[in-house]
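K.L.:
Sharing a model prediction with you, sequence too.
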Amino acid sequence: MNQIPEVIRTIPLEYYLFFSTALFAIGVIGVLTRRNAIVIFMCVELMLNAVNILLTALSAYRADASAQVFVFFIMAVAAAEVCVGLAIIVMTYRNIRSTDVQLLSYLKW
Amino acid sequence: MITALLLFWPALAALLVLFIKGTGAKKVAFVAALVEFALSLFALSGFDAQNGNTQMALSFPWIESAGINFSIGMDGISVLMVLLTTFLIPLIILSSFKHEYKNPNVFYALILFMQTGLIGVFVAMDAFLFYFFWEVALIPVYFIAAIWGGTDRIKVTFKFFLYTIFGSLFMLAAFVYLYLQTPGTHTSDVNAFYQLTLSAESQSWIFWFLFIAFAIKMPVFPFHTWQPDTYTEAPTQATMLLSGIMLKMGIYGVIRWLLPVVPMGVSQWDEVVLVLSIIGIVYASIIAIRQRDLKRLIAYSSIAHVGLIAAGIFTLNEQGLQGGVIQMLSHGINVVGLFFIIDIIFSRTNTREITSLGGITQNAKALSIFFMILLLGSVALPLTNGFVGEFLLLSGVFQYNAWFGAVAGLTIILGAVYMLRMFQGVMFGTKSEQTEAFTDLTLNEMAVLIPLVIMVFWIGLFPNTFLSISEPAVMNLLTIINR
Amino acid sequence: MTSIILLSIFGIANLFIGFLKSKRILLPLALFFLIIVFGVNLFSWNDPQSYFNNMLTIDNYAVAFTGIMTLTTLLLIPFSQRYVEERDSNLAEYYSLLLFSLVGAIMMVSYENMIMLFVGIEILSIAMYVLAGSNKKSLRSNEAALKYFLMGAFFTGILLFGMVLIYGATGSFNITEIGAAQIATDGVMSTMFVLGLLMLIIGISFKISAAPFHFWTPDVYDGTPTFFTAFMSTVVKTAGVAAFYKLMAAAFAASYVTWFPTMIAITVLTLVVGNIGAVIQSSAKRMLAYSSISHAGYLLMSLIAFNERSDSSILFYSLAYSTATVAAFGVLKMVAAQRGGEKYESFNGLGRTNPLLAFAMTVSMLSLAGIPLTAGFFAKFFVFTTVLQDNNLMWLVIIAVILAAVGIYYYFRVVIAMYMQPAGDYEKINVGSFASFVLIFITVLTILLGIAPALVSDIL
Amino acid sequence: MESVDLIYKAIYILAIFGITLLIATYSTYFERKIAAFIQDRVGPNRAGPLGLLQPLADAGKLFFKEDFIPSKSNKALFIIGPGIAMLVAAMSSAVIPFGDNLIIDGHVVFLQAIEVNIGVLYIFGVVSLGVYGLMIGGWASNNKFSLLGAIRAASQNISYELAMGLSLIAVLMLSGSLSLREIAAQQAGFNWNIWYQPLGFLIFLVCAFAETNRTPFDLPESEAELIGGYHTEYGSMKLGMYLFAEYINIFVASAVMATLYFGAYNFPFMEDLRAAISDPVLANNVVTLVGVAVMFAKIFLFIFFFMWVRWTLPRFRYDQLMKLGWQILIPLAILNILLTGGGILLKDYLF
Amino acid sequence: MESTVEQYVPSDYLPIIIQFAAALGFVIFALVATHLLGPKRKSEVKGAAWESGIESVGDARTPISYKYFMTAILFVLFDVEIIFMYPWAVNFREFGVDGFLQMFVFMGMLLAGFFYVIKKGILKWE
């Protein structure tokens, strides 16, 4: 089990950093520009996974398990979030028959 | 200890009154106010008039970590103000007996509760305590005015409330700043404030912060716009509270918390204040002449009188200050009396328009006499209370600057003009439709007016009874100011 | 720690008790649970302990805020009486979710490691997402839940990325170690660190609805069933600010200069947006939403003052704000339920029909407006004193003072409606016995703290 | 990795891939033969001797059928669906060790496409992707039966995946590793996991049936209710790929069961055989090859079992199916974990 | 099993790409081949959805029973929790009794949730 960090370390940390930042940015842009609730939600998940990737890389580079533990926490929390989020989206869908967030304007922004 | 009793008795009584249903509330409130008056007399009997320092003091930690103490006490000025309060409140309650207000228990509880606030303002010897009571006094009167007031009450009283709160928030900011300037673990004690030596610059802006708060309350000329409307729309009792006592809070605040705390700031800006005050005097007098509504007229006259008091105390000499103190008492008595008489007229004729009144003298001799006396007191006829105060104030202003004095002197002339015009319009002439069946004073109304008239003459004839009480304290203050 | 465990167990137990036929027991039981937790929590006073390899620290700071949040929930729960009466089938779940989110809130005030902060925030938020949408049939509630959820998840992502960048720069999630790492580098900070710090600030600012990350607040608060809005605007906010302060104090004290400009901009903006926004609202509920933004601004003021008084002033402010807000929302809920609407007009003549409700509402409005004799005054007072410890911030206080005066305007609209407008054909509102008791309690507490603030302000 | 090794690996992978396809193809033949046997019929017997060429004929037929796409469907997804199903099925065999190492020309070649230390997770991950194939296909068809079939398939798959995952945990507790090769190696000789994990195996077996949508869990494609389930609208090779994927999944599931519970390539008296041959390289290679044979024997056995069950047991009702998955298997699996944990601890404590 | 432990480098994962390529190649080949080989005749009736010969009404993209969503949501939760047990199971012997008890608590919570869900009737399909 100790070899995987070495594999990770064969690639410079900056690469991971740029990669996950790019992924994160894609997620952010997606959230800000898309209208479909599910797509927005998937973009959020993308952001979380960008974080996970970076954490894993950092964990390998620092030889510190706490970052990996954090990944676990993030996954668990993300799962819970998925559940609640999907439930909310389904509930909304049943009422307005759409997942377009722009249709929801009963409350003004 | 007696100070604390004075302070808390009305609040306790208010709680008691709150639970009394029906008309019993007013009686209990009246008795409670009388007890309070007795207490204040008792306090006065124990007061050492020769001593200019704080007496009957009580102090215990309030917010220990911040060095804020619950410290109360009275010097010569405070004790007079407390006396004025305790004297007027029973009369104000008594004056309301003929009215049937909705929820009387709440109404009287609020009045008594406000008394605690008022007395608290006058006895507080800690800046934050002062601020605390300052606001405590405001809330009940706001509710009294806004719930039991006239048709336009909501907007008007709200304006009044916002105005005063807005001003006092500045005062709070200034206090906080001063508090943080005190050495060591900070304290907000009044004497600690007196000992502060601040730079001229900071004194200058603190002056304005404090002055705005007090000026709105008084009110001094450009900050007065809330006042006539509020006085007009509020129920008479609230108007009496506002004009008779609450207005004095502002003046008292200047004397206690502005002049000695930032003397350099005062010396920098006192001309401006004097000019404002004098403009206010003239302006309010002229407006008053044009008023047709009795309440509004008295309201504007009140602005004029207060302008003179403000001018007097900012001259920073003994005459000015002493005159200010004595005029506070006089004005309180006169204005309460006048408002009460207007209330009497209004309750019988249902109008306050001078033009629709007239010829009341024919039906109500006693009323005319009382009205005349109070009115003359108000226009500062010699031998009445108004004369003593205005004379001292004017001489103070003259000492400061003769030109200012000359203009300020107009107040007496203009005051005589509008007051007498009013008297003439209301009391003489032909009877109008409304005054046709005017009845004279009832016993109850007499009971209110007689003490007031007695006081008019007492102050007018023996002003030294009161001046001697405040003199050491005023001298004391002057030494602090000129430190 | 015991309180976290107990709350979790109680929450789960509550779910199962919900299967009982009679729902009557749920409300007293929830109260009972919270009272136990409140009591147990106090035992940790002056007994700092570290748990889970230093992931959580229960110190006086944590205990005090736990106490406030538990108390707030305790006071809030009786307002759910209506749900009891309507035999809402999800009553047990509501209580359990509240208990669970309280667990999250406690974690947020006692964390020692950013992992725990994240977990706490999420436990709190996820429960709130559900509760925001708890009125399944109402489109407003749906929309509130969806918005809250999407925005919440989005900002959670940002928060997380911030944490990771901080970790990348300092090599630790432990807030004390992060603080030490900056001192070790003499305050020289990498771009990564600064970026991470910024993202952290943005993430938490969202949670406490500080401008410019407040835009979700009015909508979500408005759409969420009032009972839960009250929880959101009290416990969630308190936990958020407490966590924020703890984070800044323990981890980023050394980089004060770096974050101060950002924070002060956020604070001023929050104050302005909250107060001005509240003025133009026609619905009392939306007004309360904006007011909660403005109060976040005051809380942030004492945070950015960043001196030894900040924690007690945040504590006192949270308590004063929470209790008053609970009462305000509680009354609003009852009024809206009976009179159908959350406009100011719904309050018309309440002083006549329901003196108790009106009085409690008045006191809480006064408290929120910061008028003396109520706890709110001293709350603002302590905030201002704290801020003015540093002379350079006088201008901030002046802005805050002016805006506080603006605040009086909109709070008094409610008071005016209650006392000075005729009741029309509105009838007396039925107030449950628990709710009346709570309203009296809050009123007394607010006034008591308005007279003797030292009871709370001096404990930290 | 050296290029020679890589070439060996590539050859091996292609070989396994070919074998997989072959087995999948011939599974259809055996399926029919076994059905015929059980039902006392002859079964396919026209194409080639004993009908042995029947699967090839079938495959050819599928290729030459019209490549039909319904007009209302979502075209791209309609094509992608079976593609994913097939792709995923073909990927899943990568971590299964079909044998120990062969020594060829001094190079040690493990008979396993790739050794990763998370082999179990890999299988899990890849297999659960398969549900996308069904779901996308069913949804893209825009046919109510397809959709219902797809949803049933999806919820059935995910439901049984839970129990499957839980039952695996007990094995992992025993092995202390996620690497399939290590798990296989630990069961050297006759030390198979089945002896320690009878309950776990049973759960896994049931779940394997459900995961592959086999009778008695073939509700997603039950002809009587849903015509053909998610592949109602499919024809030609796209249908073929769904069927192929299913048979490959059966093959992989059998291989996994053999690896996890039945000692993979291990067989009794393995060491005796090794000791009997003097040349260590030869001995190693012989043992490995026998092992591979044994492995495939086990796999065939399981495949036979799959077919046997199909013609023996009736189909579940959907509610029964879900109830079995959630309310019986999951608690049972947790119980199994606790028993295993307790057992291990007790053993460590006693000895 | 020391012999299997070797230095891992990224190229160790190449075989998986080979396998992927092989599988993908087959899929694409099959799809293209069947596309090219088969006849093509279009007609409206043939293009319609086949629903047991009955005229198909409306779109198939209709909402379906919420129970499927519930199952999916529950799966997400439980699956993640189960995945959490994997590292624990692998290191079971190291953790010993303490770890066992901790997992016991964890499973207790999980089961509590599980039974709650069952009692709520989410998994009732009758």
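P.N.:
That came through fine. Residues are numbered from 1 along each chain as shown, chains lettered A, B, ... in the order given.
K.L.:
give me the element the residue nearest in space to the middle of chain A is part of.
P.N.:
In chain A, the C-alpha nearest the mean C-alpha coordinate belongs to residue A:48, at 2.2 Å (Cα atoms, centre = their mean). For residue A:48, the host element (DSSP states H and E) is helix A:37-62.
K.L.:
So for that helix, what gets flagged as buried?
P.N.:
Neighbour counts over helix A:37-62 (16 or more other Cβ atoms under 10 Å in any protein chain shown) mark A:37, A:40-41, A:43-62 as buried. Where C-beta positions appear, they are placed from N, C-alpha and C, glycine not excepted.
K.L.:
same thing with stretch B:29-38?
P.N.:
Using 16+ other Cβ under 10 Å as the burial criterion, the residues of stretch B:29-38 that qualify are B:29-30, B:32-33, B:36-37.
K.L.:
tell me the mean pLDDT for it?
P.N.:
Across stretch B:29-38, the average pLDDT comes to 90.
K.L.:
need the helices for chain D, in chain order.
P.N.:
Assigned by DSSP state H, the helices in chain D fall at D:3-38, D:54-64, D:75-91, D:119-140, D:144-175, D:180-186, D:198-211, D:223-226, D:236-261, D:270-276, D:280-310, D:318-323, D:330-350.
K.L.:
Make CSV out of these and add mean pLDDT.
P.N.:
Converted to CSV, the helices of chain D look like this (pLDDT from 0 to 100):
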stretch, mean pLDDT
helix D:3-38, 86
helix D:54-64, 84
helix D:75-91, 88
helix D:119-140, 86
helix D:144-175, 86
helix D:180-186, 86
helix D:198-211, 90
helix D:223-226, 60
helix D:236-261, 88
helix D:270-276, 83
helix D:280-310, 89
helix D:318-323, 84
helix D:330-350, 88
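K.L.:
Redo the ones you listed as CSV? Include distance to residue B:74.
P.N.:
Putting these into CSV (distance: least, Cβ to Cβ, whole Å) gives the following:
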stretch, distance to residue B:74
helix D:3-38, 101
helix D:54-64, 108
helix D:75-91, 89
helix D:119-140, 83
helix D:144-175, 80
helix D:180-186, 91
helix D:198-211, 88
helix D:223-226, 95
helix D:236-261, 93
helix D:270-276, 107
helix D:280-310, 101
helix D:318-323, 84
helix D:330-350, 79
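K.L.:
Tabulate these (TSV), appending distance to chain C and mean neighbour count.
P.N.:
Converted to TSV, the helices of chain D look like this (distance: least, Cβ to the nearest Cβ, whole Å; neighbours: other Cβ atoms under 10 Å in any protein chain shown):
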stretch	distance to chain C	mean neighbour count
helix D:3-38	35	17
helix D:54-64	45	17
helix D:75-91	26	23
helix D:119-140	23	23
helix D:144-175	21	25
helix D:180-186	30	23
helix D:198-211	27	22
helix D:223-226	31	14
helix D:236-261	34	25
helix D:270-276	46	13
helix D:280-310	38	18
helix D:318-323	19	18
helix D:330-350	17	17
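K.L.:
that older thread, can you give me the mean pLDDT across the next helix or strand after the helix holding residue A:48?
P.N.:
Moving toward the C-terminus from helix A:37-62, the next helix or strand (DSSP H and E) is helix A:65-96. When pLDDT is averaged along helix A:65-96, the result is 87.
K.L.:
Name the single longest helix found in chain B.
P.N.:
Using DSSP H to define each element, chain B has its longest helix at helix B:318-349.
K.L.:
Report all helices and strands that it contacts.
P.N.:
Contacts defined by 3 or more Cβ pairs under 8 Å, 6 or more residues apart in numbering or on different chains; DSSP states H and E place helix B:318-349 against helix B:76-95, helix B:236-240, helix B:247-253, helix B:294-314, helix B:365-378, helix B:385-400, helix B:443-461, helix B:464-481.
K.L.:
Near chain C, list only the ones from the buried residues of helix A:37-62.
P.N.:
The residues of the buried residues of helix A:37-62 that also fall near chain C, by Cβ under 8 Å from any Cβ of the partner chain, are A:37, A:40-41, A:44, A:47-48, A:50-51, A:54-55, A:58, A:62.
K.L.:
For residue D:290, state which of these is nearest.
P.N.:
Closest approach between those and residue D:290, by Cβ to Cβ: residue A:55, at 46.3 Å.
K.L.:
for chain A, what are the nearby residues on chain C?
P.N.:
Selection of chain C residues close to chain A by Cβ under 8 Å from any Cβ yields C:115, C:118-119, C:122, C:126, C:129-130, C:133, C:136-137, C:139-140, C:142-147, C:149-150, C:153-154, C:156-158, C:160-161, C:163-164, C:167-168, C:171-173, C:215, C:218-219, C:222-223.
K.L.:
And those residues, which of them are buried?
P.N.:
For the residues of chain C next to chain A, a burial check counting by 16+ other Cβ under 10 Å picks out C:115, C:118-119, C:122, C:126, C:129-130, C:133, C:140, C:142-147, C:149-150, C:153-154, C:156-158, C:160-161, C:163-164, C:167-168, C:171-173, C:215, C:218-219, C:222-223.
K.L.:
mind listing what residue C:441 touches?
P.N.:
Going by Cβ atoms under 8 Å, 6 or more residues apart in numbering or on different chains, residue C:441 touches residue C:75.
K.L.:
just the strands in chain C please.
P.N.:
C:49-51, C:56-58 (DSSP state E).
K.L.:
Contacts for the last one, please.
P.N.:
Meaning strand C:56-58. Applying Cβ under 8 Å, 6+ apart, the contact partners of strand C:56-58 are C:1, C:4, C:44, C:47-51, C:107, C:110-113, C:116.
K.L.:
Format these as a markdown table; extra columns: neighbour count.
P.N.:
Output for the contacts of strand C:56-58, formatted as a markdown table (neighbours: other Cβ atoms under 10 Å in any protein chain shown):
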| residue | neighbour count |
| --- | --- |
| C:1 | 18 |
| C:4 | 21 |
| C:44 | 20 |
| C:47 | 10 |
| C:48 | 13 |
| C:49 | 13 |
| C:50 | 14 |
| C:51 | 14 |
| C:107 | 25 |
| C:110 | 30 |
| C:111 | 26 |
| C:112 | 25 |
| C:113 | 24 |
| C:116 | 24 |
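K.L.:
Out of these, which one has the lowest pLDDT?
P.N.:
Ranked by pLDDT, these bottom out at residue C:1 (80).
K.L.:
any idea how far that residue is from chain E?
P.N.:
Shown here: residue C:1 relative to chain E, a distance of 15 Å by Cβ to the nearest Cβ, to the nearest Å.
K.L.:
What parts of chain B come near chain C?
P.N.:
B:61-66, B:128, B:131-136, B:139, B:143, B:146-147, B:153-154, B:158, B:161-162, B:165-166, B:169-170, B:172-173, B:176-177, B:179-180.
K.L.:
Need the buried ones from the residues you listed selected in PyMOL.
P.N.:
This is how PyMOL selects the buried members of the residues of chain B next to chain C, with burial counted by 16+ other Cβ under 10 Å:
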select buried, chain B and resi 62+63+66+128+131+132+133+134+135+136+139+143+146+147+153+154+158+161+162+165+166+169+170+172+173+176+177+179
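K.L.:
So which of the residues of chain B next to chain C belong to strands?
P.N.:
When the residues of chain B next to chain C are checked against strands (DSSP E), the matches are B:61-63.
K.L.:
Let me know the closest of the residues you listed to chain C.
P.N.:
The shortest gap between chain C and any of those belongs to residue B:63, at 4.5 Å (Cβ to the nearest Cβ).
K.L.:
Mind listing the residues bridging to that closest one?
P.N.:
When bridges are called by DSSP bridges, residue B:63 pairs up with residue B:68.
K.L.:
Correct me if wrong: it contacts residue C:453.
P.N.:
Yes: contact between residue B:63 and residue C:453 holds when scored by Cβ atoms under 8 Å: they sit 5.7 Å apart.
K.L.:
Common neighbours of those two, please.
P.N.:
Any residue near both residue B:63 and residue C:453 by Cβ under 8 Å, 6+ apart counts here, and that gives residue C:378.
K.L.:
picking up where we left off before, residue contacts, the residue nearest to the centre of chain A?
P.N.:
Applying Cβ under 8 Å, 6+ apart, the residues near residue A:48 are A:74, A:78, C:156-157, C:160.
K.L.:
That concludes my questions; thank you for your assistance.
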